[in-house]
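Student: Test case, fold it:
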Amino acid sequence: PPGIYQINAVGSNITISQNDVILHTVPTKLSLFPIVYNLNSTIHIKSLNRHYLGTMVFEKNRMISRLPLEHYLYGVVPHEIGESSPAESQKVQAVAARSFGAKRLGIVIQDNTSHQVYRGFNSAHVRSIAAVNLTRGQFMKNGTEIVDTYFSASNGGNTLSVWNSWINRGQQKDYFVYKKDDFDTAHKWSFNLLKTQINLSLVDELNPITWWSTTNETEAASPQIIGLKSYMKGKSGVPANGDFKIYDIEKIHFTTPENQSINSDTFLMGEIKINYMYMDADNKLVKGVYSYLDRTYNFYSEKIFGTIDGKPTGFSSVRSPNVHSVKLVNGVYMLSGAGWGHGIGMSQNGAMARANAGHTYTQILSFYYDGVLITAKNNTEVFTNNNPIPKPIYDSYKVVSGDTLYKIAAKFNTTVTILASINNISSPYNISVGQILNVPKSSTEPVPPVIEYITLTKPSGTYSAIDGLNRISTLASGGKYEIVQKGT
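Tutor: The predicted structure follows:
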């Protein structure tokens, strides 16, 4: 029945309790689901303050939810591109996220930026819910294949191919191309770094221990030096304990438009050569050279030049593979670029800018996924920029005596906010007997689970947003989730 329950991992078992009284103990996993499935019945995870639709499966080290793909999108669109973003850009996100999910039906996907950010269901996200409903059943195809709709926050002014960014030929598709994007100009980034960090002419060879203990890199506190040393530690002869010093940055090189003509088949590469020293067991100073050559994307994803705020959980100083310039001027490296993320496929920043400029969502999708078609779920209709997208199909319902919008919403497994939106009814939601309302056509059809996601959380009381976004944490023995199931 509706109520507040506690889910605990006790050894290898999962227990469900109420008021500290264990009601059930099960091995391995526990599943909770509403007796009646509709948008008014949710499972509320109190420790996260999120409401989830569908079935929630609790295991020792994770929670997994199973729910219809369309309802999953209700919790993706507002958290990926934003509830307040332009309507057409939210439709772009809905179609892209639907295609991404449809490509992965039957497998568990993560609820963070590794796949798609998902934060459960919130009926207050009326505009995002409407974007999902207005594009219901539409996804992108390239021939007979569902498009793998990668997207990122910003491409920095140039869309990238998989070959550019990830250098993975197996994932490269002809709809991912390198081309100029004039509408994505927001996320510019830059940083400077001294070439010489320690003046070796000042080394006190007579008192090396004193010199070592009192000397650090000129920019030792900078995010870039912190990041470089953290990444180098334990690699290729570099002391694993981190007790070494960078005295000279011999080389920083990236593939940029300044030094190479770039197209969809270009590897975007980065290279560094770092001169460092450490003190050995005999208190002698030993010099070493660390060299690294890899795709530019790795400098972003591995945070090799550290983070913006110097904290390990922060955003990478190199925020994308789209490096514009690397210069060494008067002993100072000056790096600049643009973008946020891998830069492949749709740019959320560019999609919003295009929507604000009057582009339709089909036009926006056609730009970011070159040559693809937006298709109906049953593949009987194909929509392109030359063929208008049909309006959503609704059933009609005639209001009878005793009806309220709340009762009608429950009858058709939808929400008051959605009914109000598709019927242009404003608060306080007044309706009259005999009034004809649009109601979701599929709302009375069965809604079998079709997609799963992993919520990355810690037990109640120790959850943090950063850890939730970046790490899978185990529900340790004695850890507790608090659940609220809202009744119909």
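
Student: So what touches stretch 218-238?
Tutor: Contact with stretch 218-238 is made by 191, 193-194, 196-198, 217, 239-242, 244, 246, 272, 274, 276, 278, 288, 290-291, 302-310, 312, 314, 317, as judged by C-beta atoms under 8 Å, 6 or more residues apart in numbering. (C-beta placed from N, C-alpha, C; glycine too.)

Student: Please spell out the PyMOL selection for the buried subset of the residues you listed.
Tutor: Buried residues among those (16 or more other C-beta atoms under 10 Å), as a PyMOL selection:
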select buried, resi 191+193+194+197+198+217+239+244+246+272+274+276+278+290+303+304+305+306+307+317
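
Student: Filter the contacts of stretch 218-238 down to just the ones in strands.
Tutor: Using DSSP state E, the subset of the contacts of stretch 218-238 located in strands is Phe191, Leu193, Leu194, Ile246, Ile272, Ile274, Tyr276, Tyr278, Gly288, Tyr290, Ser291.

Student: Scan this protein for its longest helix.
Tutor: The helix that spans the most residues within the chain, counting by DSSP state H, is helix 87-102.

Student: mind listing what's buried in that one?
Tutor: With burial defined by 16+ other C-beta under 10 Å, the residues of helix 87-102 counted as buried are 88-102.

Student: now swap in stretch 416-426 and tell me
Tutor: By 16+ other C-beta under 10 Å, the buried positions in stretch 416-426 come out as Val416, Thr417, Ile418, Leu419, Ala420, Ser421, Ile422, Asn423, Ile425.

Student: Now do that stretch: distance to the chain's middle.
Tutor: 30 Å (C-alpha atoms, centre = their mean, to the nearest Å).

Student: now do stretch 108-122
Tutor: 7 Å.

Student: go on, stretch 397-408?
Tutor: Relative to its chain's centre, stretch 397-408 lies at 40 Å (C-alpha atoms, centre = their mean).

Student: For that stretch, C-alpha coordinates in CSV please.
Tutor: Output in CSV follows, covering the C-alpha atoms of stretch 397-408 (Å, rounded to 0.1, in the frame of the first residue of the first chain):
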residue,chain,number,x,y,z
TYR,A,397,-13.6,12.9,-24.4
LYS,A,398,-17.0,14.5,-23.6
VAL,A,399,-17.1,16.0,-20.1
VAL,A,400,-20.0,14.6,-18.0
SER,A,401,-21.5,15.7,-14.8
GLY,A,402,-19.2,15.1,-11.8
ASP,A,403,-16.1,15.2,-13.9
THR,A,404,-13.0,17.2,-12.9
LEU,A,405,-9.8,17.6,-14.8
TYR,A,406,-8.2,15.5,-12.0
LYS,A,407,-10.6,12.6,-12.5
ILE,A,408,-10.3,12.7,-16.3
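
Student: Which residues outside that stretch are in contact with it?
Tutor: For stretch 397-408, contacts defined as C-beta under 8 Å, 6+ apart pick out 412, 416, 419-420, 425, 429, 431-439.

Student: Please spell out which residues along it are buried.
Tutor: Within stretch 397-408, the residues that qualify as buried are Tyr397, Val399, Asp403, Leu405, Ile408, counting by 16+ other C-beta under 10 Å.

Student: Among those residues, which lie within helices?
Tutor: Short answer: the buried residues of stretch 397-408 in helices (DSSP H) are Leu405, Ile408.

Student: Farthest pair within the buried residues of stretch 397-408?
Tutor: Farthest-apart pair in the buried residues of stretch 397-408 is Tyr397 and Leu405; separation 11.0 Å (C-beta to C-beta).

Student: and the nearest residue to Asn241 once chain neighbours are set aside, how many neighbours?
Tutor: Leaving aside its chain neighbours, Asn241 sits nearest to Lys233 (7.8 Å; criterion: C-beta to C-beta, 6 or more residues apart in numbering). As a burial measure, Lys233 scores 14 neighbours (other C-beta atoms under 10 Å).

Student: Next up, the contacts around Asp309.
Tutor: Counting by C-beta under 8 Å, 6+ apart, Asp309 makes contact with Pro223, Phe315.

Student: swap that for Lys303, please
Tutor: Lys303 makes contacts with Gly227, Tyr231, Pro312, Ser316, Ser317, Val318, as judged by C-beta under 8 Å, 6+ apart.
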